[in-house]
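> Predicted model, plus sequence, below.
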Amino acid sequence: MSDVDPQVQNDELLAASVARHLRERGVVWDAPILAFAELTSTNDRVKALARGGAREWTSVVARRQTRGRGRQGRVWASPPGNLYLSCLLRPDDQAALNLLPLAAGVAVCESVREWGLAVSLKWPNDALVGERKLAGVLVEASSSSHGLEHVVIGIGVNLDWDPAQVPELAATATSVRAAGGCTPEVGPAAAALLAHLAPAYGLLLRDPQGTLAAWRERAAPWWGERVQVEAAGSLLCGSLRDVDDRGALLVEDDDGRLHRLFSGEVARLRPASTV
Ligand code: BTN
């Protein structure tokens with residue numbers, strides 16, 4: 001795999017910790033789990049592994065990232081102490097891909113609840129404590145003329161970090177520690193995420209409606225509220241109605257027209273009251 005930087009340092013202790021905590025949870029994980037002290041981005045590493053033919057569910061954890069990415073090309077602050085995890089999936093249809101961000105959001109929500117925090121999901125998959133963001137998911141798909149090749153699902157959870165150190169995030173982000181949760185080490189946190197992600201993906205493949213129901217149960221209670229959505233360079237104000245079967249957000253504008261928005265095109269969604 002020539003596009004993988006050979007200089008990056010493996011973190012065997014972290015890999016062993018993830019494996020041990022999965023075993024302790026009774027989870028059988030038969031794909032590789034690789035851990036590193038530092039990477040540019042765990043998503044980049046999994047993409048490189050995918051191009052080399054890696055097995056489904058190959059997973060990568062890093063203690064820090066130097067070029068962590070968020071949705072819509074945003075930077076994901078990645079200091080040590082937080083969780084940076086990416087997994088390789090190979091779903092065979094677009095329908096599963098559309099709902100994957102929602103399934104991942106459910107897995108994040110279940111993991112964070114183990115650490116004593118009440119979280120809700122903001123579409124498509126931000127985990128919020130109150131109105132502050134604790135975790136995010138970045139799903140990146142790669143296709144060829146033969147169709148969908150692979151999907152990388154990257155999850156960042158702020159664990160042991162004080163977002164107040166970053167002025168532009170101080171008012172909008174939080175961490176498990178800052179929110180008063182029981183802060184896990186990175187190894188058990190990654191194991192919890194993987195342990196919840198696998199059944200969430202299983203549910204998605206056999207019962208997509210079940211995934212939608214699970215997501216709705218955990219969604220922030222904004223239905224009917226006025227929101228402002230930035231999508232494809234324009235601003236839409238309206239009432240939040242629902243998510244449809246493909247995981248798209250339905251927003252009704254002031255003329256009663258229903259807009260269907262996919263996660264890839266929405267740059268920002270917020271309650272109009274906070275704008
Ligand atoms: C978002 O809410 O904007 C998504 C954030 C996703 C961050 C994670 S951290 C692990 C993986 N590697 C990255 O570079 N990004 C994702």
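Great, that's in hand.
> just for the protein, where's the confidence low?
Flagging of the chain using pLDDT under 70 yields the residue ranges 1-7, 275.
> how far away is A54 from the ligand?
16 Å (C-beta to the nearest ligand atom, to the nearest Å). (Each C-beta comes from the backbone N, C-alpha and C, glycine too.)
> what's the nearest residue to that residue if we skip its chain neighbours?
Distances taken as C-beta to C-beta, 6 or more residues apart in numbering place L88 nearest to A54, at 5.7 Å, with adjacent residues excluded.
> Can you tell me the element the one you found falls in?
Secondary structure from DSSP states H and E places L88 in strand 83-89.
> Provide the strand pairings for that strand, with the direction of each partner.
Each strand paired with strand 83-89, and its direction, by DSSP bridges: strand 59-65 (antiparallel), strand 147-157 (antiparallel).
> possible to save those strands as JSON lines with mean neighbour count?
Formatted as JSON lines, those follow (neighbours: other C-beta atoms under 10 Å):
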{"stretch": "strand 59-65", "mean neighbour count": "25"}
{"stretch": "strand 147-157", "mean neighbour count": "22"}
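> For the nearest residue to W161 once chain neighbours are set aside, which residues are in contact?
What sits nearest to W161 in space, not counting adjacent residues and going by C-beta to C-beta, 6+ apart, is S175, at 4.5 Å. S175 is in contact with N82, L134, N158, L159, D160, W161, D162, P163, T183, counting by C-beta atoms under 8 Å, 6 or more residues apart in numbering.
> How about the residues of the stretch 1-150 of the chain by the ligand?
41-43, 65, 68-71, 74, 76, 84-86, 126, 136-138 (C-beta under 6 Å from any ligand atom).
> The residue nearest to W161 in helix, strand or coil?
At S175 the chain is in coil, as set by DSSP: H, G, I helix; E, B strand; the rest coil.
> can I get the contacts of S175 in a markdown table with neighbour count and secondary structure?
Listed next are the contacts of S175 as a markdown table, based on neighbours: other C-beta atoms under 10 Å; DSSP: H, G, I helix; E, B strand; the rest coil:
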| residue | neighbour count | secondary structure |
| --- | --- | --- |
| N82 | 25 | coil |
| L134 | 27 | strand |
| N158 | 29 | coil |
| L159 | 22 | coil |
| D160 | 18 | coil |
| W161 | 23 | coil |
| D162 | 15 | coil |
| P163 | 20 | helix |
| T183 | 17 | coil |
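> Quickly name whichever of the residues you listed is closest to the ligand.
Of all the contacts of S175, the ligand sits closest to N82, with 8.2 Å by C-beta to the nearest ligand atom.
> Report the contact partners of the closest residue to the ligand within the stretch 51-200 of the chain.
Residue nearest to the ligand within the stretch 51-200 of the chain (C-beta to the nearest ligand atom): G136, separated by 2.0 Å. Residues in contact with G136 (C-beta under 8 Å, 6+ apart) are G70, R71, W76, N125, D126, A127, I155, G156.
> how about stretch 259-275: buried residues?
Across stretch 259-275, burial judged by 16 or more other C-beta atoms under 10 Å covers L261, S263, V266, L269.
> Equivalent analysis for stretch 211-230, please.
For stretch 211-230, the buried set under the neighbour-count rule, 16+ other C-beta under 10 Å, comprises T211, L212, A214, W215, R218, A219, A220, W222, V227, Q228, V229.
> Work out the gap between the helix or strand harbouring the fourth one and the centre of the chain.
Assigned by DSSP H and E, W215 belongs to helix 208-218. Per C-alpha atoms, centre = their mean, to the nearest Å, the displacement of helix 208-218 from the mean C-alpha position of its chain is 16 Å.
> Can I get that helix in PDB, CA atoms only?
In PDB, the C-alpha atoms belonging to helix 208-218 read as follows (Å, rounded to 0.1, in the frame of the first residue of the first chain):
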ATOM      1  CA  PRO A 208     -34.200   0.000   7.400                       C
ATOM      2  CA  GLN A 209     -37.500   1.200   9.000                       C
ATOM      3  CA  GLY A 210     -36.200  -0.100  12.300                       C
ATOM      4  CA  THR A 211     -33.200   2.200  11.900                       C
ATOM      5  CA  LEU A 212     -35.400   5.200  11.200                       C
ATOM      6  CA  ALA A 213     -37.500   4.400  14.200                       C
ATOM      7  CA  ALA A 214     -34.400   4.000  16.400                       C
ATOM      8  CA  TRP A 215     -33.100   7.300  15.100                       C
ATOM      9  CA  ARG A 216     -36.400   9.100  15.600                       C
ATOM     10  CA  GLU A 217     -36.600   7.900  19.200                       C
ATOM     11  CA  ARG A 218     -33.300   9.600  20.000                       C
END
